[in-house]
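Asker: Here you go, sequence then predicted model.
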Amino acid sequence: MENAKISASQLVIIIYIFVVGTTVIFPLAADAKQAAWISILIAMVCGFPLLFIYHYLYKKYPNLVLTEYCKKILGKYIGSAVGMLYILFFLYGAARDVRDAMELAPLFLHGTPIWAIGIMFLLPILYGLFLGIEVLLRTSEIFIVYLVLTGVLVILFIFMSDIIQYENLLPVFEPGWKKIIITTFTEPWMAPFGEVICFTMIFAYLNKPKLQLKASFIGVICGGISLAIFHLLTIAVLGSESRGRSISPFLKMVQKIDIADIIQRLDAIFMIWLLVNDFFKIAIFMYAAVIGGATIFKVSKNVLIFPFGVIVFFTSIYFADSYASHMHQSNFVLIYIYPIFALFLPLLLCIVSFTRQKLKK
């Protein structure tokens, strides 16, 4: 671990950015059609029990990160093995988000190879990891102003452009509650709300531990509501069918903004907005992996930053050979892999820790 301290407000900001992250870019919960925004809100509420699980573990081990109390609870060897699995999980999450940037940037940088985009995107992230968590979170405090103002402007400009077609939202419950619930647990529940497991590698730096649960809830709620609003708008502007077919419905919506033939062509500004969100989400995933590796291998985190960056870079390129393959792989991991790390393993740690405590008494 680093010798660092972060505030509750910084934790709220980084969780908010992390939750919005790349999930605002793509057609999240597309199977729920015009009820996708409802699916996102349900997923947010279903994410609350995960926060309580992480809070219980944090209260038991306030000065340790996830990979450290895995060893405390499960023993040195099993705990280290579980910690290694979490490192791989964090690296994979970072690689997926780097690939998201690789898929998005060519919409503007025509002809630029994706490997060049990946390298240029990863370099400042690796530099931020060298500087440490305090610097990363202070940087997020600066960028949150831009992110919030830009998000508010998107909403205002969309209403002022008169491009919302309210009939696209009706009938709201046409997919049926069964479809909405199934969609909730096959996509938005784990991405982004299950991915908050990353912050179990950061909670130990809080300067006011009593505010951990409150800060987590505020960050998740603000991020979840923002996601629901943005996806509600994309459905209202594009329609559920067009949204579901688009690589980036959010950008497609922004491209339709036109106020008196003066305010238009704003997609480049909002492209920066999207990439800033992605930057911090990748940074948190990679920081979790680097700190996890440092605690398991007993080395300085700086030793692992470059090797882990190389792993993330090549994974982002070679794990999926196309956008379609990338999204298909996402469907598999969100259903079968993410719940293991976001729910079942933390729940197992809670049960074992609670049982051992009772047995000692």
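Answerer: Received it, and whenever you're ready, just let me know what you need. Because the structure is predicted, anything quoted here is derived from the model rather than measured.

Asker: isn't residue 309 right next to residue 126, touching?
Answerer: Yes. Assessed by Cβ atoms under 8 Å, residue 309 is found in contact with residue 126 at 4.8 Å. For every residue, glycine as well, the C-beta is placed using N, CA and C.

Asker: Need the overlap of contacts for the two.
Answerer: residue 286 (Cβ atoms under 8 Å, 6 or more residues apart in numbering).

Asker: Look at these two and report which has more neighbours.
Answerer: residue 309 (21 against 18; other Cβ atoms under 10 Å).

Asker: And the more buried one, how close does it get to residue 69?
Answerer: Using Cβ to Cβ, to the nearest Å, residue 309 is found at 26 Å from residue 69.

Asker: Could you do residue 226 as well?
Answerer: 31 Å.

Asker: what's the answer for residue 248, then?
Answerer: From residue 248 to residue 69 the distance is 39 Å (Cβ to Cβ).

Asker: do residue 211 as well
Answerer: Distance from residue 211 to residue 69, by Cβ to Cβ: 20 Å.

Asker: now residue 271
Answerer: Relative to residue 69, and taking Cβ to Cβ, residue 271 is found at 40 Å.

Asker: Following the strand or helix carrying residue 14 in sequence, what is the next regular element?
Answerer: Assigned by DSSP states H and E, residue 14 belongs to helix 8-20. Remark: after helix 8-20, the chain's next helix or strand is helix 36-46, criterion DSSP H and E.

Asker: what's the angle between that following helix and helix 8-20?
Answerer: 140 degrees (axes from the mean of the first three to the mean of the last three Cα atoms, to 10 degrees).

Asker: Use 42 as the first number from now on
Answerer: OK, 42 is where the count begins now, so the last one is helix 77-87.

Asker: Pull out the buried positions in helix 77-87.
Answerer: Buried residues in helix 77-87, counted by 16 or more other Cβ atoms under 10 Å: 77, 78, 79, 80, 81, 82, 83, 84, 85, 87.

Asker: residues contacting the second one?
Answerer: Read that as residue 78. 70, 269, 270, 272, 273, 276.

Asker: tell me the least confident of those residues?
Answerer: Among those, residue 70 has the lowest pLDDT, at 92.

Asker: thinking again about what came up before, looking at residue 267 and residue 110, which one has more neighbours?
Answerer: Legend: neighbour count by other Cβ under 10 Å for residue 267 and residue 110, higher for residue 110 (22 against 18).

Asker: Pretty sure that one sits in a helix.
Answerer: Yes. Assessed by DSSP: H, G, I helix; E, B strand; the rest coil, residue 110 belongs to a helix.

Asker: which residues sit in contact with it?
Answerer: 98, 101, 102, 390.

Asker: For it, give me the pLDDT.
Answerer: On the pLDDT scale, residue 110 gets 94.

Asker: do the one 3 residues further on as well
Answerer: If you check residue 113, the pLDDT there is 94.

Asker: need the strands for the stretch 192-341 of the chain, in chain order.
Answerer: 299-300, 304-305 (DSSP state E, counting those that start in this stretch).

Asker: and the residue nearest to residue 340 when sequence neighbours are not counted, what does it touch?
Answerer: Once flanking residues are discounted, residue 340 sits nearest to residue 334: 7.6 Å by Cβ to Cβ, 6 or more residues apart in numbering. With contact set as Cβ under 8 Å, 6+ apart, residue 334 has these partners: 128, 340, 342, 345, 349.

Asker: tally of neighbours for residue 194?
Answerer: As a burial measure, residue 194 scores 16 neighbours (other Cβ under 10 Å).

Asker: I figured residue 58 hits residue 181, correct?
Answerer: Yes. Using Cβ under 8 Å, residue 58 is in contact with residue 181, at 6.0 Å.

Asker: Any of the contacts of residue 110 buried? List them.
Answerer: Among the contacts of residue 110, those buried by neighbour count (16+ other Cβ under 10 Å) are 98, 101, 102, 390.

Asker: Who are the contact partners of residue 354?
Answerer: Counting by Cβ under 8 Å, 6+ apart, residue 354 has contacts 136, 139, 156, 159, 160, 163.

Asker: pLDDT, neighbour count and secondary structure for these - can I get that in a markdown table?
Answerer: Formatted as a markdown table, the contacts of residue 354 follow (pLDDT from 0 to 100; neighbours: other Cβ atoms under 10 Å; DSSP: H, G, I helix; E, B strand; the rest coil):
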| residue | pLDDT | neighbour count | secondary structure |
| --- | --- | --- | --- |
| 136 | 95 | 24 | helix |
| 139 | 94 | 29 | helix |
| 156 | 89 | 13 | helix |
| 159 | 91 | 21 | helix |
| 160 | 93 | 13 | helix |
| 163 | 95 | 21 | helix |
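
Asker: contacts for the one helix or strand in the chain whose mean pLDDT sits lowest?
Answerer: The least trusted helix or strand in the chain, going by mean pLDDT, DSSP states H and E, turns out to be strand 304-305, with a mean of 82. Contact with strand 304-305 is made by 198, 298, 299, as judged by Cβ under 8 Å, 6+ apart.

Asker: centre of the chain versus that strand, how much separation?
Answerer: Here the centre of strand 304-305 is set off from its chain's centre by 30 Å, with Cα atoms, centre = their mean, to the nearest Å.

Asker: Thank you kindly, that will do.
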